[in-house]
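S.K.: let me see the structure of the following:
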Amino acid sequence: MTPGSKRTFRCGRLQTIRGVQPARRCTRMLAACLCMMLVGCGEGTPDLSANEDEIHPIVKTADLGPVKMTVTADKNRITIAERIGLTIEVFAEDGVDIEIADPGDQLNEFQVRDFTSQPAEPVKGGRRWTQTYDLDIFLSGEYSIPQIEARFIDHRKDDSDQPVGPASQPVEGTIRTEPFTVEVTSLLEGEFDPTQFRDIKGPVELPTEAGHRWLAWGVGAAAVVAVVVIWIILRRRKARPEKQIVVVPHEWAFDQLRLLVDEKLVEQGRVHEFYFRLSHIVRVYIELRFGLMAPERTTEEFLVEVHRSDTLRTDHQTLLGDFLRSCDMVKFAKYDPTTAEIELAFDSARDFIEQTVPSGEASTARTRERAA
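M.R.: A predicted model of the protein is given here:
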């Protein structure tokens with residue numbers, strides 16, 4: 001049995017057998033305990049072969065003189081639009097300064113959605129710098145996290161009070177970790193078969209005993225009381241002024257895209273519903289962002305109004321028109337899109353929202369928190 005594990009053994013009622021010598025009873029109890037320990041050890045042996053496909057963190061380290069860097073990704077495999085956490089930790093001995101390179105808005109194909117940087121933290125033997133990133137991507141495949149590098153300056157002195165290095169100058173250097181690959185799975189991966197249905201089960205007889213009738217009366221009474229309580233609460237709330245919540249259009253749209261991916265409609269074979277939801281998100285975003293009544297109009301009527309109003313740039317009008325027409329083909333013409341076309345429609349919706357974010361706000365709607 002592995003340390004820290006808990007097991008519950010269910011035992012029957014023990015009967016006291018008079019006339020049995022205490023030594024024999026102790027021997028039997030000892031034998032029973034040994035058997036249970038052997039069974040527990042056999043059951044607790046882990047099956048290493050079953051863990052090969054499990055999601056696990058990826059850790060890369062690098063050592064260079066007084067500096068050690070550790071880069072950790074919390075997952076080796078994600079689905080489209082799922083976020084991956086990346087943590088960078090750099091330890092340096094006292095007297096060594098660290099500067100971690102800023103990757104900007106992207107790490108190769110990954111978008112940087114959130115970023116935090118902790119100031120130098122004193123630890124045993126030196127200091128530690130920590131940065132964390134939230135990354136996501138909307139394309140399936142295998143993508144690389146590039147090498148992470150940090151520049152250091154060694155100001156330490158030896159016993160003669162001279163800096164360590166030639167000509168009594170501080171030693172400068174750069175430490176780098178190796179790149180690694182993260183797998184991004186498609187929306188359509190899975191074993192769902194829409195042609196297989198379960199048989200309809202036969203009718204089930206309801207119990208008619210007196211005890212069940214009393215139970216039904218009790219449940220009914222509780223339901224009536226619950227309805228009255230809810231009615232009273234709602235009536236009181238109507239008298240209170242409701243707080244207005246300001247919705248940022250692009251933040252709302254990105255949240256809706258993530259919820260749409262999490263529902264896995266495509267994996268369940270509900271492609272038609274997926275396109276309806278995707279088109280609705282873009283139309284509501286346009287109404288919130290530009291004040292145009294997109295949800296109540298047909299695609300052609302709406303595109304004509306957009307062209308007349310000069311609200312969108314020409315390239316944005318073209319991107320939006322292609323996206324809405326591709327959705328109409330699936331929604332009304334019963335067109336069966338391919339995997340590539342589904343991903344292209346999703347990417348078009350995301351790109352349109354990202355490219356039309358107000359210029360005064362970050363295009364990726366992320367918050368950077370930097371140390372003073």
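
S.K.: and Arg151, what helix or strand is that in?
M.R.: Per DSSP states H and E: Arg151 is located in strand 149-154.

S.K.: let's see stretch 214-222 as PDB, backbone CA atoms only.
M.R.: Provided in PDB are the C-alpha atoms of stretch 214-222 (Å, rounded to 0.1, in the frame of the first residue of the first chain):
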ATOM      1  CA  TRP A 214     -47.200  10.100   1.400                       C
ATOM      2  CA  LEU A 215     -43.800  10.800  -0.200                       C
ATOM      3  CA  ALA A 216     -45.500  12.300  -3.200                       C
ATOM      4  CA  TRP A 217     -47.700  14.500  -1.100                       C
ATOM      5  CA  GLY A 218     -44.600  15.700   0.800                       C
ATOM      6  CA  VAL A 219     -42.700  16.500  -2.300                       C
ATOM      7  CA  GLY A 220     -45.700  18.400  -3.700                       C
ATOM      8  CA  ALA A 221     -46.100  20.400  -0.600                       C
ATOM      9  CA  ALA A 222     -42.400  21.300  -0.600                       C
END
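
S.K.: ok, back up a step: who does the strand holding Arg151 pair with, and is each partner parallel or antiparallel?
M.R.: strand 96-100 (antiparallel), strand 171-176 (antiparallel) (DSSP bridges).

S.K.: nearest to Pro122, out of those strands?
M.R.: Nearest to Pro122 among these is strand 96-100 (13.1 Å), distances taken as Cβ to Cβ. To be clear about C-beta, it is placed using only N, CA and C from the backbone, and glycine gets the same treatment.

S.K.: mind listing what's buried in the closest one?
M.R.: Of the residues in strand 96-100, 96, 98, 100 count as buried by neighbour count, 16 or more other Cβ atoms under 10 Å.

S.K.: quick one: the second one from His250, how far?
M.R.: This points to Ile98. Distance, Ile98 to His250, using Cβ to Cβ, to the nearest Å: 35 Å.

S.K.: repeat that for Leu139.
M.R.: 20 Å.

S.K.: sec struct for Arg127, please.
M.R.: strand (DSSP: H, G, I helix; E, B strand; the rest coil).

S.K.: hang on, I meant Thr318
M.R.: Reducing the assignment at Thr318 to three states with three-state DSSP gives helix.

S.K.: could I get the full set of helices for the protein?
M.R.: Along the chain, counting by DSSP state H, helices occupy 22-43, 210-239, 249-262, 271-290, 299-309, 314-331, 339-355.

S.K.: tell me which of the ones you listed sits most buried.
M.R.: helix 271-290 (a mean of 19; mean count of other Cβ atoms under 10 Å).

S.K.: pLDDT of it, averaged?
M.R.: The average pLDDT within helix 271-290 is 92.

S.K.: what is that helix packed up against?
M.R.: Identification of packing neighbours for helix 271-290 by 3 or more Cβ pairs under 8 Å, 6 or more residues apart in numbering; DSSP states H and E yields helix 249-262, helix 314-331, helix 339-355.

S.K.: so Val357 sits against Ala253, correct?
M.R.: No. At 9.6 Å, Val357 and Ala253 do not qualify as touching, with contact defined as Cβ atoms under 8 Å.

S.K.: tell me the bridge partners for the nearest residue to Glu109 once chain neighbours are set aside.
M.R.: Nearest non-adjacent residue to Glu109, counting by Cβ to Cβ, 6 or more residues apart in numbering: Tyr143, 4.8 Å away. Taking DSSP bridges as the rule, Tyr143 bridges to Val182.

S.K.: Tyr143 reaches Thr181, doesn't it?
M.R.: Yes. Taking contacts as Cβ under 8 Å, Tyr143 lies within contact range of Thr181: 6.9 Å.
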